[in-house]
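Peer 1: Just a sequence and a predicted model for now, questions to come.
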Amino acid sequence: MSTAGGTAVVKEIQTDWDYGYKISNVYVKDDLKTLMFSSTIPTLTDFYGVDSFARCRNGCPVTPNEYCRCGFNAWHDDDIALLYLVDKWRRRYELRADSMVMQRVGLCGRVFEGTMDAAEWTYWGYRAAQQRVLDVFFGPLCMYVWDCCREAVYLGAFGNAHDPRRKEHLRKLKPVCDMHMSAARDILDPGRLSDYNHVGIDWHYPSEYRYGTFIQTRPS
């Protein structure tokens, strides 16, 4: 990987920003306006915002580092991100899968091109020093309980999560159906969240074909 003007040059991409897709858990702060995110890996509990710089848990002086897996990770393609999400649902062991979303992100600064695991396969992706969340894609089905297959029509805030580094309480965001909307502590307006955080918020995944695939593979 070479650099030009301080920006990493990835093969066939010569711009300041590289773009990718990832799966994360999504939350909102107690102000019910500010979006926060975390890794889908249970042992990685650091939270990050819409605009963030990577911080290495192992103390690397430069992030990302070729000898470490630190940095913000993203896959090249949205279909690989969806493959990972569907795999989480199939296995059903991921306790936080109910608040998982797909993101389209911009990556810049020091950027490495490398591989990332998706389910049982390995695909190409990026690791980067800086990340900007551009779009958040919520699933089309209610996420309140595992066996609800009704269409999601509301965005609900549930429970509490704690960010020890910022000493803040966060709430999970889940798409819910009209039957389960009363279980949410608050119902939020996706348009207002989009405007406040300057991110796109969508109820569907980037491809209608993959949207249908997700519905068909969700466990009953």
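Peer 2: Nice, I can see it. Worth saying up front: this structure is predicted, and the values here are computed from it rather than measured.
Peer 1: what about the helices in this structure?
Peer 2: With DSSP state H as the definition, the chain shows helices at residue ranges 78-91, 190-197, 208-217.
Peer 1: Next one, pLDDT for the residue sitting nearest the centre point of the chain please.
Peer 2: If you average the C-alpha coordinates of the chain and look for the closest C-alpha using C-alpha atoms, centre = their mean, you land on S24, 2.8 Å from that point. S24 is assigned a predicted lDDT (pLDDT) of 91.
Peer 1: Tell me who's in contact with the closest residue to it other than its chain neighbours.
Peer 2: Leaving aside its chain neighbours, S24 sits nearest to F37 (4.4 Å; criterion: C-beta to C-beta, 6 or more residues apart in numbering). C-beta: built from backbone N, CA, C; applies to glycine. When contacts are counted by C-beta atoms under 8 Å, 6 or more residues apart in numbering, F37 is found next to S24, N25, V26, Y27, F47, Y48, G49, Q103, V133.
Peer 1: so the fourth one makes contact with G49?
Peer 2: No. Here Y27 does not reach G49: they are 10.3 Å apart, not a contact under C-beta atoms under 8 Å.
Peer 1: Mutual contacts of the two, please.
Peer 2: Residues touching both Y27 and G49 (C-beta under 8 Å, 6+ apart) are L35, M36, F37.
Peer 1: what's the distance between the last one and T115?
Peer 2: With distances taken as C-beta to C-beta, to the nearest Å, F37 is found 22 Å from T115.
Peer 1: And for the second one?
Peer 2: Using C-beta to C-beta, one gets 27 Å for the distance from M36 to T115.
Peer 1: the more surrounded of these two?
Peer 2: M36 (23 against 12; other C-beta atoms under 10 Å).
Peer 1: Test of understanding: give the bridge partners of the more buried one.
Peer 2: Y27 (DSSP bridges).
Peer 1: what's the answer for K172, then?
Peer 2: With DSSP bridges applied, K172 shows beta-bridge pairing to Y27, F158.
Peer 1: likewise Q131?
Peer 2: For Q131, the beta-bridge partners are S52, L107 (DSSP bridges).
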